[in-house]
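K.L.:
For reference, the sequence and a predicted model appear below.
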Amino acid sequence: MDAVRYVSMGCKSQEAGDTHFAMNGVLGWVSAGTGGLLMASSLAAAATPDFRPLEKYAFGNRLGVTTDAVLIQHQGKIIYEKYDRGYQAQTPHLTWSVTKTIAAALIGIAEKEGLLHRDDLLSKYIPGLGPEKSSWRLSHFLQMTSGIAWREGYDLSPIRSSVVHMLYLRGMSDMSAYTLGLPTQFMPGHRFIYSSGDTNVLMDVLKRVLPLAEKNTFPWTRLFQPLGIQSAVFEQDQSGTFVGSSYLYVSPRDLLKLGQLYLQNGNWNGVQVIPAEFVQYQKTLSPGFQNAIGHDSKTPFGAHLWLNQDVPGQQPRPYADAPDDTIAMLGYAGQSVFMIPSLDLVIVRAAQDTLSPMMDKNEFLKRIIQAIYPGYQAPASGVQKSKVKKQGEKVQPKNEGDLSELPRMLFSLAAKEYCSCHFIEGQSASVCKKRAKKLIPLFGLDVDQSTKSVRVGWYKNDFDKSFAQFHSAELGCSLKGPSIP
């Protein structure tokens, strides 16, 4: 059964759907922004926003679109909340690459504590890189300009994907080492290449600078607990590095808190959790992005944060109907957290899209903004779409693996999917088996409840050497077993 809650702008609640959830507003202050023609304070807000057009778009029966939750927070209060497909308010949901922004926040916190600095050479923390990689700085990995020839992508030709090999095959035991072992194509700082590997290198650095007693607890003591987040599950690879590229599970309500933290420039209840200067750094366009126009992304990238701004003379902002101060955390399969300071809005979408382009993010934002502020007009872009041209060279990563490795990849993915579904989300065995079998229809499945491990193979009693194992409520599941040499 799904659940919906609407709240009028006067904070009088109304119920819709099957269940009414009592909600608490998020604490903290919010400063006004400058992203629209009219400030939120000068717009006439709807007394009771009509979210029916949003629901039709986000939850309607459309090919490839599978929405599990949408939450909208305005002026620090939740005004809309809907769940579907069995998800509930406190169910941890995989955030995929939304995790990257949270990983960067941890780097900012570590910098505040003097453990590292973004301008430090990577070789200060990871020795033996070789002379051709001696100029790498942490900032190159924060802004994804390391120059490593990386192929991101899951759906099209996954066996040739760098991120698939890192998460499920050659790199799963030590994801940072796998990334650093790949060839480089560009000089550091020259070219933006979206890379999950860059993020996990940063998490390796974090692991190395933390005292032993804090290696597994730092995200909780410095970030999650100060915000009152209790649902967070942050998984590690076999080397003990947090998989900052992909593997944070958190409930949609707790994800709202992380979005609110960024809306407030890193401040929570008067405490500067993330340095405001570091948040501003994250909002600054990556210096290599202009050399990647037309290749890697149509959405401008800062330092592990997506931006809604024009790239002068090259590319208009991607969300034309949203303010230009909109920032976002985005992840595979439709995971989204949008923060709009000028409208005092935080928006969360949890999803399992299979054709993510079918969910137009601009249309999604437009329907939300128009429901709350019917008179809102976004500023016009200063760049025409017809002017957009490809800039710089195409990334040419080394081809990884061959079709013989495809079953191994699918087995690893299915085992990880079942482990996380059952032991983290708390879904039933039948639901999790069904989800795993979507990845590889015919396989044998062995779940050992005593060790909380999951093995997958072609047939019963013929299982792959790799398996997924649940560790704890905080560290979740990880893939174990030999990596392909």
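P.N.:
Good, I have the coordinates.

K.L.:
Tell me which residues touch the residue positioned nearest the centre of the chain, please.
P.N.:
When C-alpha atoms, centre = their mean is applied to the chain, the residue found nearest the centroid is residue 98 (1.1 Å). Contacts for residue 98 (C-beta atoms under 8 Å, 6 or more residues apart in numbering) come out as 248, 255, 329-331, 335-337. Placement of C-beta: from N, CA and C, glycine included.

K.L.:
what would the residues you listed look like in a markdown table with neighbour count and distance to residue 51?
P.N.:
As requested, the contacts of residue 98 are exported to a markdown table (neighbours: other C-beta atoms under 10 Å; distance: C-beta to C-beta, whole Å):
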| residue | neighbour count | distance to residue 51 |
| --- | --- | --- |
| 248 | 30 | 27 |
| 255 | 29 | 19 |
| 329 | 25 | 22 |
| 330 | 23 | 22 |
| 331 | 23 | 23 |
| 335 | 24 | 20 |
| 336 | 24 | 16 |
| 337 | 27 | 18 |
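
K.L.:
Tell me which stretches of the stretch 151-300 of the chain form helices.
P.N.:
For the stretch 151-300 of the chain, helices defined by DSSP state H, counting those that start in this stretch occupy the ranges 162-168, 175-180, 196-209, 218-219, 252-263, 276-282.

K.L.:
just so I know, which of those lies nearest residue 415?
P.N.:
Across those, residue 415 has its closest neighbour in helix 162-168 (9.4 Å, C-beta to C-beta).

K.L.:
returning to that earlier point: and residue 457, which of the helices of the stretch 151-300 of the chain is closest to it?
P.N.:
Nearest to residue 457, of all these, is helix 162-168, at 15.2 Å by C-beta to C-beta.

K.L.:
Just the CA atoms of that closest one, as CSV, please.
P.N.:
Provided in CSV are the C-alpha atoms of helix 162-168 (Å, rounded to 0.1, in the frame of the first residue of the first chain):
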residue,chain,number,x,y,z
SER,A,162,35.1,0.5,-15.7
VAL,A,163,32.6,1.0,-12.9
VAL,A,164,31.1,-2.5,-13.3
HIS,A,165,34.6,-4.1,-13.1
MET,A,166,35.4,-2.0,-10.1
LEU,A,167,32.2,-2.9,-8.2
TYR,A,168,31.7,-6.5,-9.3
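
K.L.:
what's the burial count for residue 380?
P.N.:
A count of neighbours around residue 380, defined by other C-beta atoms under 10 Å, yields 8.

K.L.:
And it, which helix or strand is it part of?
P.N.:
Assigned by DSSP states H and E, residue 380 belongs to neither a helix nor a strand.

K.L.:
For the remainder of this discussion, apply numbering that starts at 49.
P.N.:
Okay, using 49 as the starting number, the last item reads as residue 428.

K.L.:
Could you grab the helix/strand/coil label for the residue nearest to residue 468 when sequence neighbours are not counted?
P.N.:
Of all residues not flanking residue 468 in the chain, residue 525 sits nearest, at 5.2 Å (C-beta to C-beta, 6 or more residues apart in numbering). Here residue 525 is recorded as strand under DSSP: H, G, I helix; E, B strand; the rest coil.

K.L.:
Show me what the strand ranked longest in the chain is in contact with.
P.N.:
Criterion DSSP state E: the longest strand present in the chain is strand 510-520. Applying C-beta under 8 Å, 6+ apart, the contact partners of strand 510-520 are 220, 455-456, 459-460, 463-464, 466-468, 471-472, 492, 494, 499-505, 524-530.

K.L.:
Restricting the selection to alpha carbons, write it to CSV.
P.N.:
What follows is strand 510-520 as a C-alpha-only set of coordinates in CSV (Å, rounded to 0.1, in the frame of the first residue of the first chain):
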residue,chain,number,x,y,z
ASP,A,510,27.2,-25.2,-8.2
PHE,A,511,27.9,-21.7,-6.9
ASP,A,512,30.4,-19.0,-8.0
LYS,A,513,33.4,-18.5,-5.8
SER,A,514,32.4,-14.9,-5.0
PHE,A,515,29.6,-14.3,-2.5
ALA,A,516,27.9,-11.4,-0.7
GLN,A,517,28.0,-11.2,3.1
PHE,A,518,26.2,-9.0,5.6
HIS,A,519,28.4,-7.5,8.3
SER,A,520,26.4,-5.1,10.5
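
K.L.:
now the strands for the stretch 399-533 of the chain?
P.N.:
All strands of the stretch 399-533 of the chain, identified by DSSP state E, counting those that start in this stretch, fall at 492-496, 501-507, 510-520, 524-528.

K.L.:
quick one on the thing from earlier: neighbouring strands - and their directions - for the longest strand of the chain?
P.N.:
strand 501-507 (antiparallel), strand 524-528 (antiparallel) (DSSP bridges).

K.L.:
Got the domain ranges for the chain?
P.N.:
51-136+390-420, 146-296+320-352, 455-528 (automatic domain parsing).

K.L.:
Next, format these as TSV and append distance to residue 373 and mean pLDDT.
P.N.:
Converted to TSV, the domains of the chain look like this (distance: least, C-beta to C-beta, whole Å; pLDDT from 0 to 100):
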stretch	distance to residue 373	mean pLDDT
domain 51-136+390-420	3	74
domain 146-296+320-352	9	94
domain 455-528	34	88
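
K.L.:
Work out for me the element the nearest residue to residue 246 once chain neighbours are set aside sits within.
P.N.:
Once flanking residues are discounted, residue 246 sits nearest to residue 189: 4.4 Å by C-beta to C-beta, 6+ apart. Element membership for residue 189 (DSSP H and E) is helix 186-190.

K.L.:
Give me the contacts around that helix.
P.N.:
With C-beta under 8 Å, 6+ apart as the criterion, helix 186-190 contacts 152, 155, 164-168, 170, 194-195, 236-237, 246-247, 249-250, 253, 330, 351-352.

K.L.:
Over to stretch 499-507?
P.N.:
455, 459-460, 462-463, 466-467, 470-471, 484, 488, 490-496, 511-512, 515-518, 528.

K.L.:
before we move on, the earlier item: relative to residue 281, which of the strands of the stretch 399-533 of the chain is closest?
P.N.:
Of all those, strand 524-528 sits nearest to residue 281, with 4.2 Å by C-beta to C-beta.

K.L.:
and the closest one, C-alpha only, in CSV?
P.N.:
Written as CSV, here are the backbone C-alpha positions of strand 524-528 (Å, rounded to 0.1, in the frame of the first residue of the first chain):
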residue,chain,number,x,y,z
GLY,A,524,25.8,-3.6,5.4
CYS,A,525,26.9,-6.1,2.8
SER,A,526,30.1,-6.5,0.7
LEU,A,527,31.2,-8.9,-2.0
LYS,A,528,33.8,-11.5,-0.9
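
K.L.:
How about residues contacting that strand?
P.N.:
Under the criterion C-beta under 8 Å, 6+ apart, residues 216, 220, 281-286, 295, 297, 460, 463-464, 467-468, 471-472, 501, 514-519 lie in contact with strand 524-528.

K.L.:
Narrow those to just the buried residues.
P.N.:
Buried subset of the contacts of strand 524-528 (neighbour count, 16 or more other C-beta atoms under 10 Å): 216, 220, 281-285, 295, 297, 460, 463-464, 467-468, 471-472, 501, 514-518.

K.L.:
on that earlier part again, TSV for the domains of the chain, including distance to residue 309?
P.N.:
Compiled in TSV, the domains of the chain are given as follows (distance: least, C-beta to C-beta, whole Å):
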stretch	distance to residue 309
domain 51-136+390-420	8
domain 146-296+320-352	6
domain 455-528	20
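
K.L.:
Could you single out the most deeply buried of these?
P.N.:
domain 146-296+320-352 (a mean of 20; mean count of other C-beta atoms under 10 Å).

K.L.:
Okay then, goodbye and thanks.
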